[in-house]
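Peer 1: Sequence and predicted structure are below.
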Amino acid sequence: MEPDFKKIIREAKGLMSEEDYRELYHEAIKIGKGTIVEIGPARGAGTIVLGLAARQNSDIEHIITIDSFQNSRSIKSFDNIEENIEDLRNNLAAFDCGEKVTIMVAGHEDWELIRECPITMLVIDADGALDRDFSNYYNLLTPGARVFVDDCEAKLNSHVRLYYTRERTGYTDNPEEDAGGYLEKISPLGKECMTRCFIDYLIREGFLEVLSKGHKAITFKKSEPSLLFSETNLTEMQQIRERMKEELIAIRSKTMRIAGRLRPQLQEIQEKTGCEEILVMKGVPMDRDIRYYPIYGIGKDGKRASDIGRIYEKDIHKSGYGDKQVLLLKTRRLLKKDKYALVISGLPDQKPFCIPLKRKRSLVSALDAVETETQQLFKSLELSSL
């Protein structure tokens, strides 16, 4: 009898589809004698599936699950490693399937234990850094071992579209300088695209053979005869990441040019109010609330505005937003909230402000046009060629 995948997803906050968890389970119950290594368990839905498979397949001797357990929205606490490990243990205990599971923190792996048994399955659902993962584990896999990889899609996910690649905010009109810390991310164009580009490379170089494709996950087997993953392969994969950074800069350059059409209207409002900065924020549904992300802005001397992070609808209504004044633009309703918010800071004597209805409508119309063109740009991107 199959596990209750819906319950696992619900109780352990699983992020894969039921179809992909089912595929993971059935692949695990078929593997030969050895160890499963899982990279990126989050709150443990996949680990539970593997633990339940181990109860059906006695050849699974050990399950080693590795995560940083911090700096992720997919875990219980953003930065408390101990709390997140305890949460994972509790979820395993709730399904009575943790007896073969060993939890390790990334960067502090017990390599002696990892190398003790042959690895017959590698499960990757982490941050897209397959160059790191294959450098660490590929040569330890047995011939024909299964490799299960989630989020392998040649597309920008919604967070990357909203936050990494559009104009957003900053002090410079130079797209490379403006990209700043995003160029240092492990996956410059997001986990999905990074994973897809690396997988394409690994298939092309003969390291992997596709066995089956699920909703977003793909199951591979280690090619036979086995190749050795070398420093040359690691360097070539790192070069793919560098090309992604170049693509990120190119995309930001295009979206900055599109957003430049808003500048005259924002400058006009700035001159009328005498404020220092204007920031346009876009509303996005989030946990029965609305989260506003900065998307376009203008600062002193016509330069782009600084980044004020994000705000929530409840923050606006309960306490305002510090020394900034927020105008909700009454346009298309979104979860009974507003589509855009205009944040104005540095008003002389903190005078209240308002925008005439005609100008507000004109601004909303311009914002909609810029948003539409930006989304069309994203849809037209050919990312798989990286």
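Peer 2: Sure, I can see it. Numbers count the residues shown, from 1 in each chain.

Peer 1: C-alpha only now, for contacts and for neighbours.
Peer 2: Will do.

Peer 1: Can you tell me how far Ser345 is from Leu327?
Peer 2: Distance check for Ser345 against Leu327: by Cα to Cα, to the nearest Å, it reads 11 Å.

Peer 1: remind me which residues of the stretch 251-386 of the chain are low pLDDT?
Peer 2: Flagging of the stretch 251-386 of the chain using pLDDT under 70 yields the residue ranges 287, 307, 318-320, 330-338, 350, 384-386.

Peer 1: got the residue ranges for the helices in it?
Peer 2: Here the stretch 251-386 of the chain has its helices, by DSSP state H, counting those that start in this stretch, at 263-273, 313-319, 357-380.

Peer 1: Output the contacting helices and strands for the last one.
Peer 2: Read it as helix 357-380. helix 231-259 (3 or more Cα pairs under 8 Å, 6 or more residues apart in numbering; DSSP states H and E).

Peer 1: can you list the helices of the stretch 251-386 of the chain in a markdown table and add distance to Phe198 and mean neighbour count?
Peer 2: Formatted as a markdown table, these follow (distance: least, Cα to Cα, whole Å; neighbours: other Cα atoms under 10 Å):
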| stretch | distance to Phe198 | mean neighbour count |
| --- | --- | --- |
| helix 263-273 | 39 | 16 |
| helix 313-319 | 39 | 12 |
| helix 357-380 | 21 | 14 |
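
Peer 1: Mind checking these for the one nearest to Glu184?
Peer 2: Glu184 lies closest, by Cα to Cα, to one member of the helices of the stretch 251-386 of the chain: helix 357-380, at 21.4 Å.

Peer 1: Output that closest one as PDB - backbone C-alpha positions only.
Peer 2: Listed in PDB are the C-alpha atoms of helix 357-380, where the atom choice follows Å, rounded to 0.1, in the frame of the first residue of the first chain:
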ATOM      1  CA  LEU A 357      -7.100  61.600  -9.900                       C
ATOM      2  CA  LYS A 358      -6.200  62.300 -13.500                       C
ATOM      3  CA  ARG A 359      -2.500  62.000 -12.800                       C
ATOM      4  CA  LYS A 360      -3.000  58.900 -10.700                       C
ATOM      5  CA  ARG A 361      -4.900  57.200 -13.500                       C
ATOM      6  CA  SER A 362      -2.200  58.200 -16.000                       C
ATOM      7  CA  LEU A 363       0.500  56.800 -13.700                       C
ATOM      8  CA  VAL A 364      -1.400  53.500 -13.200                       C
ATOM      9  CA  SER A 365      -1.900  53.200 -17.000                       C
ATOM     10  CA  ALA A 366       1.900  53.800 -17.500                       C
ATOM     11  CA  LEU A 367       2.700  51.200 -14.800                       C
ATOM     12  CA  ASP A 368       0.400  48.600 -16.400                       C
ATOM     13  CA  ALA A 369       2.000  49.200 -19.800                       C
ATOM     14  CA  VAL A 370       5.500  48.800 -18.400                       C
ATOM     15  CA  GLU A 371       4.500  45.700 -16.400                       C
ATOM     16  CA  THR A 372       2.900  44.100 -19.500                       C
ATOM     17  CA  GLU A 373       6.000  44.700 -21.600                       C
ATOM     18  CA  THR A 374       8.300  43.400 -18.900                       C
ATOM     19  CA  GLN A 375       6.300  40.200 -18.600                       C
ATOM     20  CA  GLN A 376       6.300  39.800 -22.400                       C
ATOM     21  CA  LEU A 377      10.100  40.100 -22.200                       C
ATOM     22  CA  PHE A 378      10.300  37.300 -19.600                       C
ATOM     23  CA  LYS A 379       8.100  35.000 -21.700                       C
ATOM     24  CA  SER A 380      10.300  35.600 -24.800                       C
END
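
Peer 1: what angle separates that helix from helix 231-259?
Peer 2: Going by axes from the mean of the first three to the mean of the last three Cα atoms, to 10 degrees, helix 357-380 is angled at 150 degrees with respect to helix 231-259.

Peer 1: Name the residues that touch helix 357-380?
Peer 2: For helix 357-380, contacts defined as Cα atoms under 8 Å, 6 or more residues apart in numbering pick out 156, 161, 166, 255, 258-259, 261-262, 265, 329, 331.

Peer 1: where's the nearest residue to Val149 once chain neighbours are set aside relative to Arg243, distance?
Peer 2: In space, Val149 comes closest to Ile124 once its chain neighbours are excluded; the distance is 4.9 Å by Cα to Cα, 6 or more residues apart in numbering. Counting by Cα to Cα, the gap from Ile124 to Arg243 is 23 Å.

Peer 1: For Asp87, grab phi and psi.
Peer 2: Taking degrees, to the nearest 10, you get phi -60, psi -40 for the backbone angles of Asp87.

Peer 1: just Phe207 next, same as before
Peer 2: Reported as degrees, to the nearest 10, the phi and psi values for Phe207 are phi -80, psi -30.

Peer 1: Any idea how many residues pack against the nearest residue to Asp315 once chain neighbours are set aside?
Peer 2: Taking Cα to Cα, 6+ apart as the measure, Asp315 lies nearest to Tyr321, with 6.8 Å between them; neighbours along the chain are not counted. A count of neighbours around Tyr321, defined by other Cα atoms under 10 Å, yields 15.

Peer 1: what do you get for the one 3 residues further on?
Peer 2: Neighbour count for Lys324, taken as other Cα under 10 Å: 15.

Peer 1: got it, and Gly206?
Peer 2: Per other Cα under 10 Å, the neighbour tally for Gly206 reads 14.

Peer 1: host element of it?
Peer 2: Here Gly206, judged by DSSP states H and E, is contained in no helix and no strand.

Peer 1: Correct me if wrong: it contacts Ser223.
Peer 2: Yes: under the criterion of Cα atoms under 8 Å, Gly206 lies in contact with Ser223, with a separation of 6.6 Å.

Peer 1: Show me what stretch 21-40 is in contact with.
Peer 2: Stretch 21-40 is contacted by residues 5, 46-47, 49-50, 52-54, 56-68, 117-127, 145-146, 148, 214 when judged by Cα under 8 Å, 6+ apart.
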